[in-house]
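J.: 3D, please:
(one chain, ligands or ions: 1)
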Amino acid sequence: MCEAHPTGEIPPRSGVAFTLDRGQRLTVIDPCGEQVADLLAYNRHDIGEVLSSGRTLDYASRIYLTTGDPLYSNRSNVLLTIVADTVGRHDFLLTPCSKDTFRIIYGDTDPHRGCFGNLAAALKPYGIGPDQIPVAFNCFMNVPIDAATGAITVAPPLSRAGDHITFEAQQDLVIGLTACSALQSNNGRFKPIHYRIDPATAAL
Ligand SMILES: [Zn+2]
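T.: Below is the predicted model of the structure:
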């Protein structure tokens with residue numbers, strides 16, 4: 001059973017972009033369970049500043065991020081802070097799935113454009129091009145690491161219907177957000193993603 005519709009719904013295998021003001025909170029909800037959402041954030045006043053996996057993981061000294069963790073930009077400014085998280089397992093290592101992901105990993109001959117193509121299309125009206133799309137923060141994506149070899153596995157998300165993660169904007173942002181299109185990331189089923197925007201003072 002999927003959770004009821006909140007304010008925003010992203011249909012399966014698609015994506016959206018919207019603005020988020022400093023202080024506002026974005027809640028990303030997995031309405032059906034086991035569905036990944038790729039999240040990108042850009043400084044709205046200078047889109048050359050973008051979410052940076054490398055800097056964020058470096059400063060956190062961890063690869064699994066949760067409540068209280070800041071997400072840094074390529075210029076080492078905090079763009080978002082995680083303020084609530086009912087799952088505790090997300091990925092910030094792997095790039096958005098794309099035509100090439102499906103060609104190289106899945107062997108598809110007529111591949112879907114994936115999160116990458118969906119993000120590129122959604123972000124285009126904000127003047128953001130495909131080459132400005134970095135590693136996304138992959139909400140609910142479950143990527144266990146073998147500590148000895150470094151081998152990575154894409155496992156089913158730990159999220160259940162209604163689980164969510166909430167971010168507070170530390171700058172005025174452009175956000176890109178998807179319902180991920182990769183079979184393996186979503187335990188073989190494509191589902192929607194819901195999201196909600198609240199003022200900073202709203203109860204979580
Ligand atoms: Zn994806």
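J.: element containing residue 39?
T.: strand 37-43 (DSSP states H and E).
J.: from the contact counts, what lies against that strand?
T.: strand 25-30, strand 78-85, helix 114-123, strand 137-139, strand 173-178 (3 or more C-beta pairs under 8 Å, 6 or more residues apart in numbering; DSSP states H and E). (Glycine included, C-beta is placed from N, CA and C.)
J.: the helix or strand following the fourth one vs strand 173-178, what angle?
T.: Per DSSP H and E, the first helix or strand lying C-terminal to strand 137-139 is strand 163-169. Taking axes from the mean of the first three to the mean of the last three C-alpha atoms, to 10 degrees, strand 163-169 and strand 173-178 form an angle of 160 degrees between their directions.
J.: okay, strand 163-169 in CSV with CA atoms only?
T.: In CSV, the C-alpha atoms belonging to strand 163-169 read as follows (Å, rounded to 0.1, in the frame of the first residue of the first chain):
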residue,chain,number,x,y,z
ASP,A,163,9.5,6.8,5.1
HIS,A,164,11.0,10.2,4.5
ILE,A,165,14.1,12.5,4.8
THR,A,166,13.9,16.3,5.4
PHE,A,167,16.5,18.9,4.3
GLU,A,168,16.7,22.5,5.3
ALA,A,169,18.0,25.0,2.7
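J.: before we move on, the earlier item: indicate which one of the helices and strands packed on strand 37-43 is closest to the ion.
T.: Nearest of the helices and strands packed on strand 37-43 to the ion, taken as C-beta to the ion: helix 114-123 at 3.3 Å.
J.: could you list the residues in contact with the closest one?
T.: Here helix 114-123 makes contact (C-beta atoms under 8 Å, 6 or more residues apart in numbering) with 13-17, 38, 40, 42, 95-99, 101-102, 113, 129-130, 132-133, 136, 174, 176, 178, 180-182.
J.: near the ion, from the residues you listed?
T.: By C-beta under 5 Å from the ion, the members of the contacts of helix 114-123 lying near the ion are 97, 180, 181, 182.
J.: check which residues of the one helix or strand in the chain whose mean pLDDT sits lowest are buried.
T.: Lowest mean confidence among the helices and strands of the chain (mean pLDDT, DSSP states H and E): helix 99-104, at a mean of 90. For helix 99-104, the neighbour count (16 or more other C-beta atoms under 10 Å) marks 101, 102 as buried.
J.: other SSEs contacting that helix?
T.: Partner elements for helix 99-104 (3+ C-beta pairs under 8 Å, 6+ apart): helix 114-123.
J.: give me the distance between the residue of the chain positioned farthest from its centre and residue 63.
T.: If you look at how far each residue of the chain sits from its centre, by C-alpha atoms, centre = their mean, the farthest one is residue 148, at 27.4 Å. Separation of residue 148 from residue 63 (C-beta to C-beta, to the nearest Å): 15 Å.
J.: between the strand holding residue 39 and strand 25-30, how many degrees?
T.: Using the same axes, to 10 degrees: strand 37-43 against strand 25-30 is 160 degrees.
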